[in-house]
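# Quick one, fold the following:
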Amino acid sequence: MEDAAGRSALRIECRMGITGRHVSTGKRTRNSSIELLRILAMLMIVTSHCVMFSDLNVLSWQFSVNKVLIETFLYSGGKIGVVSFFAISAWFLTDQGGVRAGLRRVWILEREMLFWSLVLSTVTAISQHERLSSSLIVQSLFPTVTALWWYPTAYAVFLLFFPFLSCSLKSLDRTMHGALCVIMFVLWTVVDMVMPLSGVGLHGGDVFSFIYIYTLITYYRWHMQPLGGKQAWAMLVGGYAFIAIGAIAGGLVFQKIGKLPKLQVYLGSVEFRLPVLMVGIALFVLFSRKEFHSGIINTVAASTFGVYLISEYPTMRQWIWHSTLVEFVIKNNAPIIFGLLILLACVVFISCSLLDQVRALLFSLILDRHRGRWFDALYEYVSSRRHNAIQTDLRR
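From the prediction side, this is the model:
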């Protein structure tokens, strides 16, 4: 059964052009179409943060075209970006490697998180020392376990469970895997949409959302024919149509009664709601159908995680989205504010990306000559000690 699932996945990868091997050389290389989606997903996340964490307060605006556009495409972009970004990672996680591979990935993830948490806390101590609280210091020293950034913490926990989750899903046949997807979908997407106060739903922004999305993606990967371009475009348009209808209806309700502002963005506010899943997965399918190779795109994409870490560090988030430039754009509330917000997000993305390129250069000179060597040495040491302890117990 496991071999059948693997063969099915390989067929889908070959059809979708995402096996990651260059046709002429046979060497593993990143498909730049997928890397371009990684850039787009992070840009959507940054743009969403611009709307949410600045003083824009779009939910309280009078009903207008700009309001609907921002709520439909920018506010929801954060969670859509999360789905697409995670879909890329989940798809390319190796099916073999086990616990050690998962721990090794967490180790490498932690290095980058710790680097930026320490650097940014130091910058805060120098330039905004009054904002450096004791809790932020502790979070900066232990960024993963304290959930300084929710996404990497949830992803790190997912990586720890991934070997067991993958093996468990592979042990299910198509019918059982499909039934699991239906149960999850009904409880966590359908019921949540029609009954917001449901007690059986997900909270969002944690590892359980990733487990849910991974279960759906693996069913598609192992047991379904790849979606065609027309189907993916229909999902994309349909998902955004749902979000737009919600924004319009919620906006009219808010205009009438002056209450329930969150209703305007309800359909696009968490990663497990149907419209967000539709758009996020459709984007992944559309980009994965193409294949080309660009060193520039791949280099920029390699810094997308760093963009998230820098722009979402608490003091940096406050400084970025309440800067003079952002405040100027918001206060003027120009007719083209929709485009200006995207432009602001691009400026932040490029700036943070350049900073992370410096980090990548330092890592290449100091840590990445033998990437993961310290982890491998530690793992071998612990494994040998454990093996010796077991042998000693057996001799007794």
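
# Give the closest residue to Leu367 in space, chain neighbours not counted.
Nearest residue to Leu367 in three dimensions, chain neighbours excluded: Arg111, at 6.8 Å (CB to CB, 6 or more residues apart in numbering). From N, CA and C alone the C-beta is placed, and that goes for glycine too.

# What distance do you get for the one you found to Val145?
15 Å (CB to CB, to the nearest Å).

# Who has more neighbours out of the two?
More crowded of Arg111 and Val145, by other CB atoms under 10 Å: Arg111, with 17 against 13.

# Quick check: that one is in a helix.
Yes. Judged by DSSP: H, G, I helix; E, B strand; the rest coil, Arg111 forms part of a helix.

# from now on call the first residue 729
Okay, using 729 as the starting number, the last item reads as Arg839.

# so where's the stretch 879-1028 of the chain shaky on pLDDT?
With pLDDT under 70 as the threshold, the stretch 879-1028 of the chain has low-confidence stretches at 925.

# where along it do the strands fall?
For the stretch 879-1028 of the chain, applying DSSP state E, counting those that start in this stretch gives no strands.

# which residues in it form helices?
902-913, 919-922, 935-951, 957-985, 1002-1016, 1023-1029 (DSSP state H, counting those that start in this stretch).

# tell me the mean pLDDT for the strand or helix carrying Ile865?
Assessed by DSSP states H and E, Ile865 sits inside helix 862-869. The average pLDDT for helix 862-869 rounds to 96.

# so how far is Leu1014 from Glu763?
Counting by CB to CB, the gap from Glu763 to Leu1014 is 14 Å.

# So those two - more neighbours on which side?
Set Glu763 next to Leu1014 and count neighbours by other CB under 10 Å: Glu763 wins out with 23 against 17.

# name the element that one belongs to?
Per DSSP H and E: helix 760-781 holds Glu763.

# what is the mean pLDDT for that helix?
Computed over helix 760-781, the average pLDDT equals 97.

# cool, stretch 1029-1046 as well?
97.

# quick one on the thing from earlier: can you tell me which of the helices of the stretch 879-1028 of the chain comes nearest to Val866?
Closest to Val866 of those, according to CB to CB: helix 935-951, at 21.4 Å.

# Can you name the residues in contact with the closest one?
Residues from elsewhere that reach helix 935-951 (CB atoms under 8 Å, 6 or more residues apart in numbering): 733, 736-737, 740, 811, 814-815, 818-819, 882-883, 885-886, 889-890, 893-894, 897-898, 902, 905-906, 908-909, 912-913, 916, 930, 998-1000, 1005, 1009.

# just the buried members of the residues you listed?
Among these, those buried by neighbour count (16 or more other CB atoms under 10 Å) are 733, 736-737, 740, 811, 814-815, 818-819, 882-883, 885-886, 890, 893-894, 897-898, 905, 908-909, 912-913, 916, 930, 998-1000, 1005, 1009.

# got a list of what the residue sitting nearest the centre point of the chain touches?
With distances taken as CA atoms, centre = their mean, the residue of the chain nearest its centroid is Val810 (3.4 Å). By CB under 8 Å, 6+ apart, the contact set of Val810 is 769, 773, 879, 999, 1008.

# Just confirm it is within a helix.
Yes. Counting by three-state DSSP, Val810 is located in a helix.

# how much space between it and Gly927?
Distance, Val810 to Gly927, by CB to CB: 24 Å.

# Enumerate every residue touching Phe886.
Contacts of Phe886 (CB under 8 Å, 6+ apart): 935, 938-939, 942.

# Only whichever of those are buried, select them in ChimeraX.
Entered in ChimeraX, the line below selects the buried ones among these, by 16+ other CB under 10 Å:
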select :935,938,939,942
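
# Turn the contacts of Phe886 into a markdown table, including distance to Trp789.
Formatted as a markdown table, the contacts of Phe886 follow (distance: CB to CB, whole Å):
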| residue | distance to Trp789 |
| --- | --- |
| Val935 | 35 |
| Phe938 | 33 |
| Ile939 | 36 |
| Tyr942 | 37 |
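
# closest to Val1028 among the contacts of Phe886?
Phe938 (24.5 Å).

# so what's that closest one closest to, chain neighbours aside?
Excluding its sequence neighbours, the residue lying closest to Phe938 (CB to CB, 6+ apart) is Phe886, at 4.5 Å.
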